[in-house]
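**Student:** Compute the structure for the input listed below.
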Amino acid sequence: MNLLLLSGNRVADAKTNKFFTEAPVCGVTRIIGYALGVNANSATTDNAIDLKVLPGANFIVTKVQLNNASISLTTATASLYTATGGSGGSGTALVADAALSAMTSTTYNLVMTLAAAASNTVLNQATLANDLYFRIGTAQGAAATVDVYIWGEVLP
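**Tutor:** Numbers count the residues shown, from 1 in each chain. This is a model prediction of the structure:
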């Protein structure tokens, strides 16, 4: 099953499917990057998320969705940047550091709040060195993992 061909923003069966790595059309919201099993118990850690768009394609981030937490994330915080180092680094914050406490073992999905820069910053692989960075700010305090999906729109 190719999730990018499904209507809406489904992430079901993500662990058992490979995502199409090229953007055949523009103006369609699709997964532009994902990381499965991100360690939520490792403070100030940048997790590189490889982009799944054609080289040189311009895009904007439209949603950051967390899924499949191994435990309730009562303490952890996270953010998304265009470069390593979080707020002290040289990148742009697409999602500011925020608590993940709404992500419980029974709440399957959490959509993070985008920073203003996310909707008006056009990105591409050339300027990002092919990665976005999901940063755990505060560690959970116990072994914990979460899946991260970055949705975006490829521009013409």
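
**Student:** Do a quick rundown of the helices in the protein.
**Tutor:** 116-120, 125-128 (DSSP state H).

**Student:** packing partners for the worst-scoring helix or strand of the chain on mean pLDDT?
**Tutor:** With mean pLDDT, DSSP states H and E as the measure, the helix or strand of the chain carrying the lowest mean pLDDT is helix 125-128 (a mean of 72). Applying 3 or more Cβ pairs under 8 Å, 6 or more residues apart in numbering; DSSP states H and E, we find helix 125-128 packed against no helix or strand. Using the backbone N, CA and C atoms, a C-beta is placed for each residue, glycine as well.

**Student:** switch the cut-off to 10 Å
**Tutor:** Identification of packing neighbours for helix 125-128 by 3 or more Cβ pairs under 10 Å, 6 or more residues apart in numbering; DSSP states H and E yields strand 58-67.

**Student:** Off-centre distance for the strand it packs on?
**Tutor:** Strand 58-67 has its C-alpha centroid displaced from the chain centroid by 6 Å (Cα atoms, centre = their mean, to the nearest Å).

**Student:** ok, back up a step: in TSV, list the helices of the chain along with mean neighbour count and distance to Thr106.
**Tutor:** Conversion of these to TSV gives the following (neighbours: other Cβ atoms under 10 Å; distance: least, Cβ to Cβ, whole Å):
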stretch	mean neighbour count	distance to Thr106
helix 116-120	13	28
helix 125-128	14	35
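
**Student:** The ones you listed into CSV, with extra columns for distance to Phe134?
**Tutor:** CSV is the format used below for these (distance: least, Cβ to Cβ, whole Å):
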stretch, distance to Phe134
helix 116-120, 13
helix 125-128, 13
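
**Student:** closest one to Val146 among those?
**Tutor:** Distances from Val146 to each of the helices of the chain were compared by Cβ to Cβ, and the smallest falls on helix 116-120, at 19.5 Å.

**Student:** count of residues packed around Gly85?
**Tutor:** Using other Cβ atoms under 10 Å, Gly85 is surrounded by 13 other residues.

**Student:** Then the one 5 residues further on?
**Tutor:** By other Cβ under 10 Å, the residues close to Ser90 number 9.

**Student:** Likewise for Pro55?
**Tutor:** Pro55 sits with 10 neighbouring residues when counted by other Cβ under 10 Å.

**Student:** Pop out the phi and psi values for it.
**Tutor:** With angles defined as degrees, to the nearest 10, Pro55 sits at phi -60, psi 130.

**Student:** That concludes my questions; thank you for your assistance.
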